[in-house]
Each structure stands twice: as C-alpha cells, then as structure tokens.
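Structural data only, the sequence is not supplied:
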Ligand code: SF4
C-alpha cells in the first residue's frame, strides 16, 4: 500500500512554509490563500517530513492510498 500526502485546508493558514520547503509537492493557491498538494505521491519524502514537522498548524499528514 502506498501513501499520499494531504493538507487539511480548513486548518491551513497559508503561511507558505511547506511551499518554500517542497515546491514540487506544495503550491500556494491564490484564490483560497491556502497551500494545495500538487504531487500527492512520489515526492521527496524527507522534504515532506520536514514540511510536516514545521507546519505551524500540523495540517499536513499522510493517508494510505
Ligand atoms: S505549512 Fe501548513 S499552514 Fe503553512 S501553508 Fe503549508 S499546510 Fe498551510
């Protein structure tokens, strides 16, 4: 079973920390002013773990895919 990275967009404050860390995985959505996942699977896992660890609202997480 694989896993995919997910953002709880309700909790996301749009701080862009994850976007700066892993721009290949996260993108800032100007309309919603939140981060969105543009690469759910296959992104640099170490980078995503850093983004998870540094997200101020703990709203990035893994889901089984
Ligand atoms: S680090 Fe967390 S709060 Fe900041 S933009 Fe990314 S998902 Fe949203």
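Sure, I can see it. Given the structure is predicted, the values throughout are model-derived calculations rather than measurements.

which stretch of helix or strand covers residue 52?
According to DSSP states H and E, residue 52 maps onto helix 45-54.

Close to the ligand: what parts of this structure are there?
Residues of the chain lying close to the ligand (CB under 6 Å from any ligand atom) are 7, 12-18, 35, 55-57, 59-60. Heads up, the C-betas are built off the backbone N, CA and C, glycines and all.

now with 8 Å?
Contact residues (CB under 8 Å from any ligand atom) of the chain with the ligand: 7-9, 11-19, 26, 28, 34-35, 51, 54-60.

just to revisit the earlier point, and the next element down the chain from the helix holding residue 52?
Next along from helix 45-54, by DSSP H and E: strand 60-64.

Packing partners of that next one?
Under the contact criterion of 3 or more CB pairs under 8 Å, 6 or more residues apart in numbering; DSSP states H and E, strand 60-64 touches strand 3-7, helix 45-54.

And it, how far out from the chain middle?
9 Å (CA atoms, centre = their mean, to the nearest Å).

Also stretch 22-29?
For stretch 22-29, the distance to the chain centre is 7 Å (CA atoms, centre = their mean).

Pull out the buried residues from it.
By neighbour count on 16 or more other CB atoms under 10 Å, the buried set for stretch 22-29 is 22, 25-28.

hmm, back to that, please work out which of the helices and strands packed on strand 60-64 is packed deepest.
Each of the helices and strands packed on strand 60-64 was scored by mean neighbour count; the highest is strand 3-7, a mean of 17, by mean count of other CB atoms under 10 Å.

Give the next helix or strand downstream of that one.
helix 17-21.

Which other helices and strands does the very next helix or strand once past that next one contact?
The C-terminal neighbour of helix 17-21 among helices and strands, as given by DSSP H and E, is strand 26-29. Counting contacts by 3+ CB pairs under 8 Å, 6+ apart, strand 26-29 packs against helix 17-21, strand 34-37.

Show me what strand 26-29 pairs with in its sheet, parallel or antiparallel.
strand 34-37 (antiparallel) (DSSP bridges).
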